[in-house]
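Enquirer: predicted coordinates and the sequence they were generated for:
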Amino acid sequence: MADRASSSGGARDGGESVVIDYGRRRTTCGYCRSSGPTSISHGMWANSLKADDYQALLDRGWRRSGCFLYKPEMERTCCPSYTIRLKANDFICSKEQGRVLKKMQRFLDGELDPQAGSPQCKASPTKRSLGEPMNSPTSKVSKVSANDFRADTCPNPLTEDESCLESKINEAVDTCFQGEILGSTVQLPKALVKTVKPQVKRKVGAAVQEKKVREAVQDLVYTCNISFQIVAAIKRALPKENGANQTEALSDLSPNSVAEKLAMAMERHGELAGFEVKACNGHLNFYSTTNQAMQNHTSNVVPVQASDKSSTSKQSPLNKNDAKYPVKRKNLEIRMSVSHFDPEEFALYRRYQTKVHKEKTVTESSYRRFLVDTPIVFVPPKSGDNTVPPCGFGSFHQQYRIDGKLVAVGVVDILPKCLSSKYLFWDPDLSFLSLGKYTALKEIDWVKTTQEHCPSLQYYYLGYYIHSCNKMRYKAAYRPSELLCPVRYEWVHYNLAKPLLDKSQYSVLSDYAAMQGEVPQPLICVPSDDCSAKVDHHGSPSDVDDDEDFNDYESDMMVEEEIVPSEKPDTTEGSSNINDIENITMDLNGTRVKYKDLQQMFGQIERRRLNALEAQLSRYAKVVGKELSDRMVYLLS
């Protein structure tokens, strides 16, 4: 028996919810690559769906693929899938995610060459630009202010800058000293660059009388004491019997002279984009070039020795040679439009599917069914109404354009509580930019910004989390996330759910407190890049810039057109509860009637047929929820 359902009420306008062909589905799993139809789910085809109704379905574990709605049958399916979400205002940006933002900034600033940014070239630190800003405010990335990130939301990953500066110092040491000290071959030390702590700069600045020198100290970012180590190494290597010669050789050898020699050698190379190197009392100090006045004080610099690996100093992304060789800045724009077919988007999708997912044939009809067709009824914004966001409710395509060229498209649903990300496709030539992660971060920020206009819209839904599938574990890297309990439909913090999922891939997550010998710990959310967040579809760490993402969104139902017809109703499956179904409104050839009034309107119905109908309505009410089933119309054919 085919069924339809349409909404008979709701908090907002938006037409009716019409759902067709409710039943079970069996398919071949795309995650464990099973040989048979081991993926089992409930399913419904929808003609239209109110935003409020789809939000309610999401919060009971449903998702959509085009106009098809599905919910894994968690106890029976091979790969249990848990709905995962994140409260945008609580999001903590990890170091790896911060690197993604910085990389995009460098690319837009013209400092990252696509070839140098590719995974094949990452092993050579000398091929990358040193102009990457340490504390890059991502608001420079996009002209769409509503989607810009604040710099203070992300930590400063400094290891790349330190590594490159150390490489430059070592090159200068080899050029200036190796094999040239009294004909002796000296094993010279390797440079170690240290970040100057803010408290150290404040302490040193307070001890300086001159205002200009204090300002210079605030631009100090890194320091290195390799000059002292070089002098000590040379002294140890010189022969002790040549006392007079040794005294003469060391007369001009001091940490000061070594530091000055190294600084001049590094300046001659002219490759320290974004930094100014100065020799001071034996130290090599690296200053940000943000403060142009700094360049006028070459002698009144203050030596500082630091050991901490963190800094909040500001650094300009501009190369100091840009005045001679201007670099064209790229412009990133983010446009949101109601879901519709766009030939330019389809061309990008076809390139993405064939190059990234190795699909041989990509048809326009399958693209439309998967990413264009939507049952969610569009609700336009209303002036002065803070219950609807400025874009309205419905299904949207977010276009990412660089200098006008379409580079990525995010397919999302905007609902009363959340932005639900469905799919992403991007330009394969820009895989080094980690666009999947970058666009996810932009969508999180969109929720944070939109919440100012629509307070109820607070969450970012990432689709399904499958603990048994390494390809899907990247979603847990967006912290602090929550998983939906498949039985009680309560949200459980990921840190509490993970021990249960480690023991069994299907778990009643809300039972975490009942685990023997386990007491729930305080929810301390820290930016972490643990192993569960570093797996992509190549099985390599996520900070390697390959084509991660798997889609970095929801690839859960890529094969929706292969779903087999629904199974026949199982009339032996448990007894039906009349109280759960008596208020379900059905549509019979245009006539609407509640189930409890069915026989009163149409007369006596054969018991066998009535039992089958009751069993089907009971399963429907169970998986959809009584509240939602009571306010929807169930269309019978």
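Expert: Perfect, I can see it now. Numbering: from 1, shown residues only.

Enquirer: bridging residues for Asn285?
Expert: For Asn285, the beta-bridge partners under DSSP bridges are Thr223, Lys278.

Enquirer: can you start the count at 129 instead of 1 from here on
Expert: With the count now opening at 129, the last piece we talked about shows up as Asn413.

Enquirer: that one and Thr719, how far apart?
Expert: Computed as Cβ to Cβ, to the nearest Å, the Asn413 to Thr719 distance reads 84 Å. (Glycine included, C-beta is placed from N, CA and C.)

Enquirer: same deal with Gly538?
Expert: Separation of Gly538 from Thr719 (Cβ to Cβ) stands at 42 Å.

Enquirer: just to be sure, Trp603 is in a helix?
Expert: To be clear, residue 603 is Lys; Trp isn't right here. Yes - per DSSP: H, G, I helix; E, B strand; the rest coil, Lys603 lies within a helix segment.

Enquirer: Asn217 versus that one, what's the distance?
Expert: 19 Å.

Enquirer: looking at these two, which one has more neighbours?
Expert: For the pair Lys603 and Asn217, the greater number of neighbours falls to Lys603 (25 against 11), based on other Cβ atoms under 10 Å.

Enquirer: pretty sure that one sits against Ile212.
Expert: Yes - in terms of Cβ atoms under 8 Å, Lys603 counts as a neighbour of Ile212; the distance is 5.4 Å.

Enquirer: what do those two both touch?
Expert: Leu590, Gly591, Tyr593, Ser609 (Cβ atoms under 8 Å, 6 or more residues apart in numbering).

Enquirer: pLDDT at the first one, what is it?
Expert: Meaning Leu590. Model confidence at Leu590, given as pLDDT, is 95.

Enquirer: pull the number of nearby residues for it.
Expert: The burial count for Leu590: 24, using other Cβ under 10 Å.

Enquirer: just the strands in the stretch 379-528 of the chain please.
Expert: 403-408, 411-416, 460-466, 522-530 (DSSP state E, counting those that start in this stretch).

Enquirer: so where is this protein shaky, pLDDT-wise?
Expert: 129-142, 149, 242-289, 306-314, 332-344, 366-380, 398-401, 417-455, 641-704, 765 (pLDDT under 70).

Enquirer: thinking again about what came up before, neighbour count for Asn413 and Thr719, which is higher?
Expert: Asn413 (27 against 9).

Enquirer: okay, the more buried one and Glu388: tell me how far apart.
Expert: Taking Cβ to Cβ, one finds Asn413 at 12 Å from Glu388.

Enquirer: and the residue nearest to Arg234 when sequence neighbours are not counted, helix, strand or coil?
Expert: Take Arg234 and drop its neighbours on the chain: the residue closest to it by Cβ to Cβ, 6 or more residues apart in numbering is Leu240, 4.1 Å away. Secondary structure state of Leu240, per three-state DSSP, is coil.

Enquirer: right, and Leu240 touches Lys458 too?
Expert: No - assessed by Cβ under 8 Å, Leu240 is found out of contact with Lys458, at 10.3 Å.

Enquirer: those two: which has the busier surroundings?
Expert: Set side by side, Leu240 and Lys458 show more neighbours around Leu240, with 21 against 14, by other Cβ under 10 Å.

Enquirer: how much space between that one and Asp541?
Expert: Taking Cβ to Cβ, one finds Leu240 at 33 Å from Asp541.

Enquirer: and Ser757, what element?
Expert: helix 754-758 (DSSP states H and E).

Enquirer: and the next helix or strand past that helix?
Expert: strand 760-764.

Enquirer: ok, that next one: who's next to it in the sheet?
Expert: strand 131-135 (antiparallel), strand 713-716 (parallel).

Enquirer: now for the helix or strand following the shortest one, which elements pack on it?
Expert: Going back to what we said before, that points to strand 713-716. Where DSSP H and E defines the elements, the next helix or strand beyond strand 713-716 is strand 719-722. Contact analysis of strand 719-722 by 3 or more Cβ pairs under 8 Å, 6 or more residues apart in numbering; DSSP states H and E lists strand 713-716, helix 726-730 as its packing neighbours.

Enquirer: please tell me how far the residue nearest to Val500 when sequence neighbours are not counted sits from Asp501.
Expert: Of all residues not flanking Val500 in the chain, Phe469 sits nearest, at 5.1 Å (Cβ to Cβ, 6+ apart). Counting by Cβ to Cβ, the gap between Phe469 and Asp501 amounts to 9 Å.

Enquirer: more neighbours, those two?
Expert: Asp501 (17 against 13).

Enquirer: that one against Phe196, yeah?
Expert: No - with contact defined as Cβ under 8 Å, Asp501 does not count as touching Phe196 (9.2 Å).

Enquirer: so which residues of the stretch 529-678 of the chain form strands?
Expert: Under DSSP E, counting those that start in this stretch, the stretch 529-678 of the chain gives strands at 533-542, 546-554, 587-593, 609-612, 619-621.

Enquirer: figure out which of these is closest to Tyr762.
Expert: strand 533-542 (23.4 Å; Cβ to Cβ).

Enquirer: name the residues that touch that closest one?
Expert: 179, 182, 192, 467, 472-473, 476-477, 499, 502, 504, 517, 519-529, 547-555, 558, 563, 567, 571, 585, 681.

Enquirer: now the buried members of these.
Expert: Listed as buried from these are 179, 182, 192, 467, 473, 476-477, 499, 502, 504, 517, 519-529, 547-555, 558, 563, 567, 571, 585, 681; burial here means 16 or more other Cβ atoms under 10 Å.

Enquirer: thinking again about what came up before, helices or strands up against the helix holding Ser757?
Expert: Helix 754-758 packs on helix 179-186, helix 706-709, going by 3+ Cβ pairs under 8 Å, 6+ apart.

Enquirer: how about that helix as PDB, C-alpha atoms only?
Expert: C-alpha atoms of helix 754-758 as PDB (Å, rounded to 0.1, in the frame of the first residue of the first chain):
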ATOM      1  CA  LYS A 754       3.500  10.800  17.200                       C
ATOM      2  CA  GLU A 755       3.500  14.600  17.400                       C
ATOM      3  CA  LEU A 756       4.500  14.900  13.800                       C
ATOM      4  CA  SER A 757       2.300  12.100  12.500                       C
ATOM      5  CA  ASP A 758      -0.700  13.800  14.200                       C
END
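
Enquirer: who touches that helix?
Expert: By Cβ under 8 Å, 6+ apart, helix 754-758 touches Ala133, Asp181, Ala184, Leu185, Arg188, Asp708, Ile709, Asn711, Ile712, Tyr748, Ala749.

Enquirer: could you give me the ChimeraX syntax to select whichever of those residues are buried?
Expert: In ChimeraX syntax, the buried subset of the contacts of helix 754-758 is picked out as below (16+ other Cβ under 10 Å):
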select :133,181,184,185,188,708,709,712,748,749
